[in-house]
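Q: Kindly generate the corresponding structure for this input.
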Amino acid sequence: MKLKILEKDNRRIKLLIEGAPLPLVNAIRRLAISDVPTLAIDEVAFLDNTSVLYDEIIAHRLGLIPLTTDLSRFKPPEECEGANPISNPECYTRLFLDVEAKRDYEIIYSGDLQSEDPTVKPVSDKIPIAILAKGQKITLEAYARLGRGKEHIKWSPVSVSAHKYVPKIRIDMRKCNLCGKCVEECSKNILFIENNSLKVRNVLECTLCRACEEVCEPQAIKVSWVENSYILTIESTGALPPETIITEAAKILEKKSEEFIKHVEELKKVGK
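A: Predicted coordinates for the structure are as follows:
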């Protein structure tokens, strides 16, 4: 199996994976969504709320704010079941909100949250929480813990986790009459005519829509895909770096595979 980074920044990574079966790539994709843990606010204690929003609505909005996550800093979710949020700093961290509108109205943002842990903070400080009229207050303590997307989507570290086949475009110049219909039809501008020849650029941008193939009357274009080659795209919410998400998903898959093999071996012993 070969891996190649096609694109990468602090929020997004696109990998070319060659020589891997589809179930393996899909397993990594699904585990990135459902099993890689991140921090999210899970419990909220309201001390004062004179806004027009119910406590439950504010708590729900707080839970959906992505938080920066250091996986080495906190225990995994399964080790923190039943833990007291106040007395277990390895399982929970606290964030505070204490605001009062001084003007006719003020928008309260995620940046107004104060964290007791410098490694934990909202990914963006511009996520709206509530609008307060003059004199209205919100005072609360919020408790964040590690969780997984299969428990609630607020713990999923990804906003995009997708894969697609690696496109392959074949052009038979013996049939092609250079009519240009395929060039006009291609929404990704992949096809172009140069030196009396139809050529392909940035083939990985092809969406396999086959529009070019459908409008080609001489049937000179054949669109297909490369066997056992895929493009995996991971876009992080900002809670974890995208490369960390893929690494953690692979570790989880390895652990699950080892557990599965262990159970199979135990069944074989019972069968004997």
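Q: Going by C-alpha atoms from here, please, whenever you check contacts or count neighbours.
A: OK.
Q: Tell me how far G19 lies from V25.
A: According to C-alpha to C-alpha, to the nearest Å, G19 stands 11 Å off from V25.
Q: which of these two has more neighbours?
A: It is V25, of G19 and V25, that has more neighbours when counted by other C-alpha atoms under 10 Å, with 20 against 13.
Q: Retrieve the pLDDT associated with that one.
A: The score at V25 is 96. That number is its pLDDT.
Q: Equivalent analysis for S87, please.
A: What the model reports for S87 is a pLDDT of 85.
Q: three-state assignment of it?
A: coil (DSSP: H, G, I helix; E, B strand; the rest coil).
Q: Flag the shaky bits of the protein, pLDDT-wise.
A: 271-272 (pLDDT under 70).
Q: for it, what's the longest helix?
A: Ranked by residue count, the top helix of the chain under DSSP state H comes out as helix 242-271.
Q: Find the nearest non-adjacent residue to I193, please.
A: Distances taken as C-alpha to C-alpha, 6 or more residues apart in numbering put K199 closest to I193, at 6.0 Å, once the chain neighbours are dropped.
Q: Wasn't L62 part of a strand?
A: No. Read with three-state DSSP, L62 is helix and lies in no strand.
Q: okay, now it: neighbour count?
A: Other residues lying near L62 total 24 when counted by other C-alpha under 10 Å.
Q: dump the residue contacts of the residue nearest to it when sequence neighbours are not counted.
A: The spatially closest residue to L62, leaving aside those adjacent along the chain, is I41, at 6.4 Å (C-alpha to C-alpha, 6+ apart). Neighbouring residues of I41 by C-alpha atoms under 8 Å, 6 or more residues apart in numbering: 62-65, 142-145.
Q: again with D70
A: 119-120, 240.
Q: Helix, strand, or coil at it?
A: Following three-state DSSP, D70 is assigned to coil.
Q: Return the distance of the most centrally placed residue in the chain relative to R29.
A: The centre of the chain sits closest to V158, judged by C-alpha atoms, centre = their mean, with a distance of 1.4 Å. Distance, V158 to R29, using C-alpha to C-alpha: 10 Å.
Q: in the stretch 51-200 of the chain, which spans are strands?
A: 92-100, 105-109, 114-115, 128-133, 137-147, 158-171, 191-193, 198-200 (DSSP state E, counting those that start in this stretch).
Q: Run a quick neighbour tally on the closest residue in space to K102 that isn't next to it in sequence.
A: Spatial nearest neighbour of K102, chain neighbours left out: K134 (5.4 Å); criterion: C-alpha to C-alpha, 6+ apart. Residues lying near K134 (other C-alpha under 10 Å) number 14.
Q: ok, back up a step: quickly find the element holding the residue nearest to L62.
A: Assigned by DSSP states H and E, I41 falls within strand 38-49.
Q: Next, the angle from that strand to strand 137-147.
A: Here strand 38-49 runs at an angle of 160 degrees relative to strand 137-147 (axes from the mean of the first three to the mean of the last three C-alpha atoms, to 10 degrees).
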